[in-house]
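all I have is the shape, not the residue letters:
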């Protein structure tokens, strides 16, 4: 009798301790699952960027099929915010206070991201790889926010440096979208050109709603630019290049990584994209990099929806999630947010399908401690959407 | 509903003791709400409250005065930017910055009302549309307002009360919303409200009866702009980050839809319309998680449509609800309410 | 001088696509006093349908394009029959909201079916080849749009003035009850109006789509088309075309010489200024409502 009572008592204590260990686990983490959240514009004018979230989804499914990370499966919660910050905030709050996310990954858009960054940082929730190369994420650096996408600012610097030093062109102009994305590019280009004692010969703002590019081309033509940087959406970029051709204006076009999906751009522009130089932050869709091919076979071909295109935006979703997955792997069985931050700070020379990723312990004076990828490389578009590598992986200061 | 027997009954604030009772019950329910539901629903309630203020203001213009405005997102933006700028750059306290930006929006509303004196129908809608677009463009141009990069909202402190969480903000919003809605109701019951209604029904006849068209039409614009400006200022605190892109044409159209779907010329209607459309706005993205319907939609997408665009069902449902409500009841949600009341009043005949 | 000429020519070119949308909107307003916000999306559905037929079923252009026009006519008729006629005693605002709702449904439908990636329409005339008039360049697609716009305007103008159906349309707008008393089947007239307007919109869409095709492509042209229709007077067809060219030219002049950012703003500002002087637009007769 007494033994039985003792046995029951010990069992009860053990169960309570065991359950409370389960209960004391980090929010969003159980013994078998890790909840990761993401938002993306699946509808609305920014819908082409919705494939980023779908890419991460396929990537997580691939990891789960291979057994998960340290025995835990990644549960991906993605929702559509239509690029509307009010909806982003609503969705983030709903998921965070409902199911409870362990961390957030990617997430397209500077404005939607900025509307939730304070909320996430106040609650000490890690966020890895915002899908926008804006200076806002790292300036000032925040403990729980790890940026991956190389800054637009950096891309502009790289392109200008190449144009002036390698192509020996001095008349550089820029057509930029009139928002944070374009303004960052403008800033980078102006700063880099100032180093050579040059100035931008023309800065042409483009509104997202503009359909007719002729006034813009006329201004560029009047300034006799021989290099034009394109800091706009792919559709506007094609319109500009096309209108330029119709008006017999043919400078060296250079664009950012958003327009670097050459097979796609070549097809949509009906061949106009030939000869454009682009900066890119990851391997190109038809590259023979083994890791990229592995993702294509294991993630895209098995889990992508019918009609999904293997394009840059799609595997960018994988690119932005790679550091997070690496960080979770390094935490082992003991997965907490603080541990994740510490492990991520220790990531050095990690290479996925993007450039090398380095983080450093938090230093409020050094914004780059939270900027993972600082390198890009330049490619030129050839016939048929093929590409020619112009530089290797290039770290810009 | 019931016929009013004398002037004092018409002007009375609560038409009977029963209405007063239900109103007080509603207020106490609203006061207790944050303790009953999860935080996310409080955020939703905040969003709805802001849309209620806008819808009430817009209804004063569209429903009671018969004008049409597709540019109210411009006033919304003015209110938001005005409040944030006054608080962060000029260090005004919140209780001063909010009415000040509302009054500034009202001034611009008055200016917009001047062309409205001669225009009507689609002509007025283009004028207001142009106004809305101009405001966002001008704000985006000026670097002092943060330009295209947007502004972060400063923290909100009213005296000793630090308004931080959704729940604190909920109480602040509820007080302001209730006061503004009661103010609108009061306005309608006075001479000003009756002048508005007269202008809507027959403006030339109203003028011959002595209603100063210029004054009252511009006043209608100014008052609705004031309401929208206040709502914009509060929205800046709900979202904590504002930039010109948010205040686009789609926002103006949704505001107008809230008013029309809810019911023109009825405060209850605009409240209902605002609640319905903002709830749909925030919740429709979860449409695929409805148990049977969601799976059927997904299966349908896989076979005939693209699965990548499946979230666009939101738009289809949203548009469908708007169209169906307007087809079956031109008076909107308020019309449904009236019909239900009449049915039950005269039941079982 | 050359720049000035180029700007004017570009303005005329861009005005043509606004003119087609404006014509479509004026046509519907002329017969039923409804501002059709779904105009752009009706054209969008037809364009994407053409794309579907061209890409996946491999029909040649000469079959697909007339097919698209027929499809858009049927679509317009069906929309009017199924949706707008069912509205019980609608107010003007109510009808506007119904068209906005339709617009959302159609856009959601197209995005759902086709996904959001930009696509490209195989069109025989490329938007990137240009014709040179001296030193001034204009793309061949724009030349086509210009002629199509003028042709459509001429056809519609003579149709409305001299054909039986056209006169019946005008009668329906002026006094619905009297028209019915005279034996005109107003319901059928409304259906035809929507059909014809949808065809005009489809032409506009087909001429816009060779540049790029994405579900949001018709919003901008529709707004500018609406503005030009208002500028020219919502009841006047030549007015819509004139307004469109005026807006196109002024926009481009402003963009070239003053500021590119405020280009679209200036268009609306011009419209408001003109409306302050002539409240019903440039060419329409101003009907003062009697008490």
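Looks like it arrived, so ask away. Computed from a predicted structure; not experimentally measured.

what does the helix or strand of chain C with the lowest mean pLDDT contact?
Every helix and strand in chain C was compared by mean pLDDT, DSSP states H and E; the lowest is strand C:130-133, with a mean of 79. The contact list for strand C:130-133, computed with Cβ atoms under 8 Å, 6 or more residues apart in numbering or on different chains, reads A:245-248, C:9, C:137-140, C:143. (Glycine included, C-beta is placed from N, CA and C.)

and the residue of the stretch 151-291 of chain C found nearest chain A, what element?
Proximity of the stretch 151-291 of chain C to chain A (Cβ to the nearest Cβ) peaks at residue C:255, 3.5 Å away. Using DSSP states H and E, residue C:255 sits within helix C:237-257.

hang on, the earlier thing: which among the contacts of strand C:130-133 count as buried?
A:245-247, C:9, C:137-139, C:143 (16 or more other Cβ atoms under 10 Å in any protein chain shown).

any stretches of the chain with poor pLDDT?
Picked chain A for this. Scanning chain A with the threshold set as pLDDT under 70 gives A:1-25, A:397.

my question was about chain C, not that one.
Those would be C:286-291, if you go by pLDDT under 70 across chain C.

what residues does it have near chain A?
Neighbours of chain A within chain C, by Cβ under 8 Å from any Cβ of the partner chain: C:3, C:6-7, C:10, C:13-14, C:108, C:111, C:115-120, C:126-130, C:132, C:137-139, C:208, C:211-212, C:214-217, C:219-221, C:252, C:255-256, C:260-261, C:263-264.

what's the ChimeraX line that selects buried ones from those residues?
Taking 16+ other Cβ under 10 Å as the burial criterion, the selection of buried members of the residues of chain C next to chain A in ChimeraX is written as:
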select /C:6,7,10,13,14,108,111,115,116,117,118,119,120,126,127,128,130,137,138,139,208,211,212,214,215,216,217,219,220,221,252,255,256,260,261,263,264
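
in a strand, residue A:31, correct?
No: Residue A:31 is assigned coil when assessed by DSSP: H, G, I helix; E, B strand; the rest coil, not a strand.

verify the stated contact: it with residue A:70.
No: Residue A:31 is beyond contact range of residue A:70, at 10.2 Å (criterion: Cβ atoms under 8 Å).

and those two? which has more neighbours close in?
Neighbour count, other Cβ atoms under 10 Å in any protein chain shown: between residue A:31 and residue A:70, residue A:70 has more, with 14 against 11.

re earlier: what about the helix or strand following the least confident helix or strand of chain C, distance to the chain center?
Scanning forward in sequence from strand C:130-133 by DSSP H and E, the next helix or strand is strand C:136-139. Averaged C-alpha coordinates place strand C:136-139 at 24 Å from its chain's average position (Cα atoms, centre = their mean, to the nearest Å).

other SSEs contacting strand C:136-139?
The helices and strands touching strand C:136-139, judged by 3 or more Cβ pairs under 8 Å, 6 or more residues apart in numbering or on different chains; DSSP states H and E, are helix A:234-246, helix C:2-32, strand C:130-133.

which positions in chain A make contact with chain B?
So far as Cβ under 8 Å from any Cβ goes, chain A lies against chain B at A:42-43, A:47, A:50-51, A:54, A:79-82, A:84-87, A:89-91, A:93-94, A:97-98, A:111, A:114-115, A:118-119, A:136, A:178-180, A:182-183, A:208, A:305-308.

is stretch B:324-338 up against chain C anywhere?
Yes: Stretch B:324-338 is in contact with chain C by Cβ under 8 Å from any Cβ, via B:326-328, B:330.

for these, which one is nearest residue C:230?
The shortest approach to residue C:230 among the residues of stretch B:324-338 next to chain C belongs to residue B:326, at 23.3 Å (Cβ to Cβ).

show me what counts as buried in the helix or strand hosting that closest one.
Assessed by DSSP H and E, residue B:326 sits inside helix B:313-328. Using 16+ other Cβ under 10 Å as the test for burial, helix B:313-328 gives B:313-323, B:325-327.

need the residues you listed in a markdown table (columns: pLDDT).
Listed next are the buried residues of helix B:313-328 as a markdown table, based on pLDDT from 0 to 100:
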| residue | pLDDT |
| --- | --- |
| B:313 | 83 |
| B:314 | 83 |
| B:315 | 86 |
| B:316 | 88 |
| B:317 | 88 |
| B:318 | 89 |
| B:319 | 91 |
| B:320 | 92 |
| B:321 | 91 |
| B:322 | 90 |
| B:323 | 91 |
| B:325 | 90 |
| B:326 | 88 |
| B:327 | 89 |
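
quick check, the biggest helix by length in chain B touching chain A?
Longest among the helix segments of chain B by residue count, using DSSP state H, is helix B:213-239. Yes: with Cβ under 8 Å from any Cβ as the criterion, chain A is reached by helix B:213-239 at B:238-239.

from the centroid of chain C, which residue is nearest?
The centroid of chain C falls nearest to residue C:21 when counting by Cα atoms, centre = their mean (1.3 Å).

skipping its backbone neighbours, what lies nearest that one in space?
Closest residue in space to residue C:21, ignoring its immediate chain neighbours: residue C:225 at 2.6 Å, by Cβ to Cβ, 6 or more residues apart in numbering or on different chains.

now do whichever strand or helix holds that neighbour against helix C:237-257, angle only.
Using DSSP H and E, residue C:225 sits within helix C:219-232. Per axes from the mean of the first three to the mean of the last three Cα atoms, to 10 degrees, the angle that helix C:219-232 makes with helix C:237-257 is 120 degrees.

just how off-centre is helix C:219-232 within its chain?
On Cα atoms, centre = their mean, the centre of helix C:219-232 falls 8 Å from the chain's centre.

what do you get for stretch B:318-331?
With Cα atoms, centre = their mean, you get 18 Å for stretch B:318-331.

show me what contacts residue A:108?
Per Cβ under 8 Å, 6+ apart, neighbours of residue A:108: A:39-41, A:46, A:49-50, A:52-53, A:83, A:131-132.

buried ones in the very next helix or strand once past the helix holding residue B:326, by neighbour count?
Counting by DSSP H and E, the element after helix B:313-328 in chain order, helix or strand, is helix B:332-345. By 16+ other Cβ under 10 Å, the buried positions in helix B:332-345 come out as B:332-338.

repeat that for stretch B:33-49.
B:34, B:39-49.

the helices in the stretch 201-350 of chain A, which residues?
Using DSSP state H, counting those that start in this stretch, the helices of the stretch 201-350 of chain A run over residues A:214-222, A:234-246, A:262-268, A:290-295, A:301-303, A:312-331, A:337-345.

swap that for the stretch 101-250 of chain C, please
Using DSSP H, counting those that start in this stretch, helices in the stretch 101-250 of chain C cover C:140-162, C:164-174, C:176-181, C:186-208, C:219-232, C:237-257.
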